[in-house]
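Trainee: Predicted structure and sequence below. I'll ask about it afterward.
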Amino acid sequence: MNPNYHYDIQLPAHMDPGKRYRAIFTLHGKGSNEKNMFSLVAPVSDEFIIVGIRGDLTLGAGYQYYELKSLGNPIREMFDQAVKQLEAFIHYATEKYPIDETKRYLLGFSQGAILSMTLALTMGDQLKGIVALNGYVPAFVKTEYALKSVQEVSVFISHGQFDSVFPIEIGQETAAYFENLTDRLTFKSYPTDHGVSEQNQQDFVSFLTKDADVHSYKE
C-alpha cells in the first residue's frame, strides 16, 4: 500500500528490536506542516514512535487536510475523505513500524484537533487516546457519522481562553460533548489565543507519559 500522506517518523533512540512501542500520530493546523508539530511531542520521543502526518493539500507555503466553505465549515466531501484516508494511514503505519496497536495516540492542533476528535469517534477503542488542542467536532460528525464508543479512549482537550479563531465557548461545548461519552476526559483552558502555551504542553506531556491513565478533571 502506498500511503496517501507524506510523513515524518521519529523512532526512539535506543529501540529494543523485540518490542512494540506506543505511538503518537500528529496532525498539524491549517497552513502548517508535520515538522512544526514535532517540538510539541519532543519531550516524549524516547518513549513513543512519533509519526508526523502532512496534509495532502497545499495552502501557501504549508498544507491542509481539507478545505473550508467558511471558518468552521469544512467542505464535507473533502473532510469525509480525509477521515477515511487518515484511518487507513494509521493502519498502514502500524503494520510498517513496530507500533503497539493497543497504544496509539493522536495529537492535533486546530484542523488537526478537529480530525483527531473525529477519528476518536469513528475508530473508538482502536485508539488509546487523543490530545486535541484548540478544535471542535463538526455538527455533521455528531449527527451523521457512524460513531463508536469512546468510553475506553482517554481524551485531553485544551483551549485558549482568548482564542480569536474558535472562541473558548466552542472548547467548553466540545468538552461537554465528550464528558457525556467518556469518563476519561481531561479538559483545561489557558490564558492564550489560538496557540499552545508552555504550560499547555507540560500538561499534555504529563497526560501522555502517564499512559493516559488519569482521572477525569476539569478546570
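Mentor: Sure, I can see it. It should be emphasised that the depicted structure is a prediction, and the values quoted were computed from it without experimental measurement. Numbering: from 1, shown residues only.
Trainee: going forward, measure contacts and count neighbours with C-alpha atoms only.
Mentor: Noted.
Trainee: And the longest strand anywhere in the chain, what does it pack against?
Mentor: For the chain, the strand that runs over the most residues, judged by DSSP state E, is strand 99-109. Where contact means 3 or more C-alpha pairs under 8 Å, 6 or more residues apart in numbering; DSSP states H and E, strand 99-109 is packed against strand 21-27, helix 76-96, helix 111-123, strand 129-133.
Trainee: Next, the angle from that strand to strand 129-133.
Mentor: 10 degrees (axes from the mean of the first three to the mean of the last three C-alpha atoms, to 10 degrees).
Trainee: So for strand 99-109, mean pLDDT?
Mentor: When pLDDT is averaged over strand 99-109, the result is 98.
Trainee: ok, it: who's next to it in the sheet?
Mentor: The strands that strand 99-109 pairs with in its sheet are strand 21-27 (parallel), strand 129-133 (parallel) (by DSSP bridges).
Trainee: picking that back up, what's the most buried one of the helices and strands packed on strand 99-109?
Mentor: strand 129-133 (a mean of 29; mean count of other C-alpha atoms under 10 Å).
Trainee: Residues contacting that strand, please?
Mentor: If you take C-alpha atoms under 8 Å, 6 or more residues apart in numbering as the criterion, strand 129-133 is touched by 103-110, 112-114, 116-117, 120, 153-159, 196, 204, 212.
Trainee: Equivalent analysis for stretch 188-200, please.
Mentor: 133-134, 157-166, 218-219.
Trainee: With distance to Gln126 and secondary structure as added columns, please give the residues you listed in CSV.
Mentor: Shown next, in CSV, are these (distance: C-alpha to C-alpha, whole Å; DSSP: H, G, I helix; E, B strand; the rest coil):
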residue, distance to Gln126, secondary structure
Leu133, 21, strand
Asn134, 23, coil
Ile157, 19, strand
Ser158, 22, strand
His159, 25, strand
Gly160, 29, strand
Gln161, 31, coil
Phe162, 33, coil
Asp163, 31, coil
Ser164, 33, coil
Val165, 31, coil
Phe166, 28, coil
Lys218, 25, strand
Glu219, 28, coil
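Trainee: coming back round to it: quick one: which of the helices and strands packed on strand 99-109 is nearest Gln172?
Mentor: Gln172 lies closest to strand 129-133 among the helices and strands packed on strand 99-109, at 12.3 Å (C-alpha to C-alpha).
Trainee: could I get that closest one in CSV with only the CA atoms?
Mentor: Extracted in CSV, the C-alpha atoms of strand 129-133 (Å, rounded to 0.1, in the frame of the first residue of the first chain):
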residue,chain,number,x,y,z
GLY,A,129,-6.1,8.3,23.5
ILE,A,130,-6.1,11.8,21.8
VAL,A,131,-4.8,15.2,22.6
ALA,A,132,-6.9,17.9,20.9
LEU,A,133,-5.6,21.4,21.0
